[in-house]
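J.: Sequence plus predicted model, see below.
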Amino acid sequence: MSDTKSPPEQALDLTSVEDQAAAPAPAAAAGGLSKNMVYAGVAFCACVTVASVASMTALALRKDGEVVMESPNAAASAGDAVAKAQPVITVVVDDESKFPTVKPPAGENPCAGTKVDLANVECVATAMTNVIPQSGANVTKGYVGGMEVDHEPITTPYWQNQMCPVNVHWHLGTEHYSAGQYDENGKGPENYAADNDRRLGVTDVRGGYRCQHYDADVDMFNKPYVWEHCVGMTVGETYEVHWPHSARGACGTPNQFQTPFYDGVFCTAAEVPFTALNYEVGVQAQVFTIVNDESYYYPDLMRGMIVDGEIFGTDMAIYTGSTTGTSRDNEICSQYAPITWQVDRTCHMISASSFDKMCADMKSQRDDMSDDLYAHGSRILVDDSLTADNQQNRH
């Protein structure tokens, strides 16, 4: 979780891209479905009988020309329903896009500008007067940080603590370190420079550690993907995704997700001040290698880390730290601390389409999240002396 801009312009580890509104496609003829996704044949008339309702709507989903889901009796009834009912209303959802974007109605955003500004400080000088543990840290099982602290992290899921996700963003490579999962032996489609910088757009962005899944001889790590919504992403690359959570977010409203994430974290803090950050602000972190393979698709990546079965979100490292980003290192520290971090130690593979769907969902929020549609730079690994000694595990 960071607050500095990354390429193409730096701000909060982020960059702006104009939202792309989906243009409405022309009405489709009866029974004629689009190549991607079309709601076709929503027909009705002034006199609707109970018997006619079942045959009134035909819904089919197509992907690359293949029907993947069809409503009962749709093939037989779609044409008849449209022909007999007047007037006909046909709704077409962006014939050209796999993941259309539609924002909610315009309205006031009470979270805008609520960020509380806390300047970065010198780590050593601050540590002498105010203990502020930092992130991202070593999360290898068994590791213990070297900074003695007198507080504990949240060890239960955030939703059980009246907290909600208020943002999602990700970093090139990883800011955390998990030996054997994402570490100095990681691989990817391009080589980082000696100082872990990689050019993205017109500005250098620092890349962190990588996972070990990448195999140049396997098609899913190299097959190009046509990105519609995310910016500057690469198949085969490693990304660390962060979901900041807050007990002072606009939870359950159209203003829940915010960019910058600080606006989401502090949204209602003026009315209800924080009492203990480590119990009221937290971040989920999960690491992925992107593959071009739909068998690794997850549809709702925007709203929180994946917890599924015995692999996703099960081997967790939990500790207190700070916000991250490339404006901080082991000499300059963040004052947004202590906050809880819950980090998945395992690196997972995920489809490029999962990320693109997440970016489409971000574009569909009331707040403009375009500054979070690309990977931000990764802070260097935090020294032991700046890492809290309260690491805990959750399985």
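T.: Everything's here; your move.
J.: What are the boundaries of the strands in the stretch 151-300 of the chain?
T.: Counting by DSSP state E, counting those that start in this stretch, the stretch 151-300 of the chain has strands at residues 164-165, 169-172, 182-183, 197-200, 203-206, 210-211, 238-246, 281-291.
J.: tell me the most buried of the ones you listed?
T.: strand 169-172 (a mean of 29; mean count of other CB atoms under 10 Å). Quick note: C-beta positions are derived from backbone N, CA and C, even for glycine.
J.: sorry, back to before: which of the strands of the stretch 151-300 of the chain has the lowest mean pLDDT?
T.: Ranked by mean pLDDT, these bottom out at strand 197-200, which scores a mean of 46.
J.: ok now do Gly378, which residues does it touch?
T.: Just to correct that, residue 378 is Ser rather than Gly. Neighbouring residues of Ser378 by CB atoms under 8 Å, 6 or more residues apart in numbering: 136, 171-175, 196, 206-209, 240, 324, 326.
J.: Adding distance to Thr275, write the residues you listed out as TSV.
T.: TSV is the format used below for those (distance: CB to CB, whole Å):
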residue	distance to Thr275
Gly136	26
His171	30
Leu172	35
Gly173	35
Thr174	32
Glu175	28
Asn196	38
Arg206	35
Gly207	38
Gly208	33
Tyr209	35
Glu240	29
Thr324	24
Thr326	31
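J.: just to revisit the earlier point, with distance to Asp300 added, can I get the strands of the stretch 151-300 of the chain in CSV?
T.: CSV is the format used below for these (distance: least, CB to CB, whole Å):
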stretch, distance to Asp300
strand 164-165, 11
strand 169-172, 16
strand 182-183, 23
strand 197-200, 27
strand 203-206, 27
strand 210-211, 22
strand 238-246, 12
strand 281-291, 13
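J.: so which of those strands gets nearest Asp384?
T.: strand 182-183 (16.0 Å; CB to CB).
J.: just the helices in the stretch 51-200 of the chain please.
T.: Under the criterion DSSP state H, counting those that start in this stretch, the stretch 51-200 of the chain contains helices at 74-84, 123-129.
J.: helices or strands up against the shortest one?
T.: With contacts defined as 3 or more CB pairs under 8 Å, 6 or more residues apart in numbering; DSSP states H and E, helix 123-129 has these neighbours: strand 332-333.
J.: Let's see that with 10 Å instead.
T.: Applying 3 or more CB pairs under 10 Å, 6 or more residues apart in numbering; DSSP states H and E, one finds that helix 123-129 contacts strand 121-122, strand 332-333.
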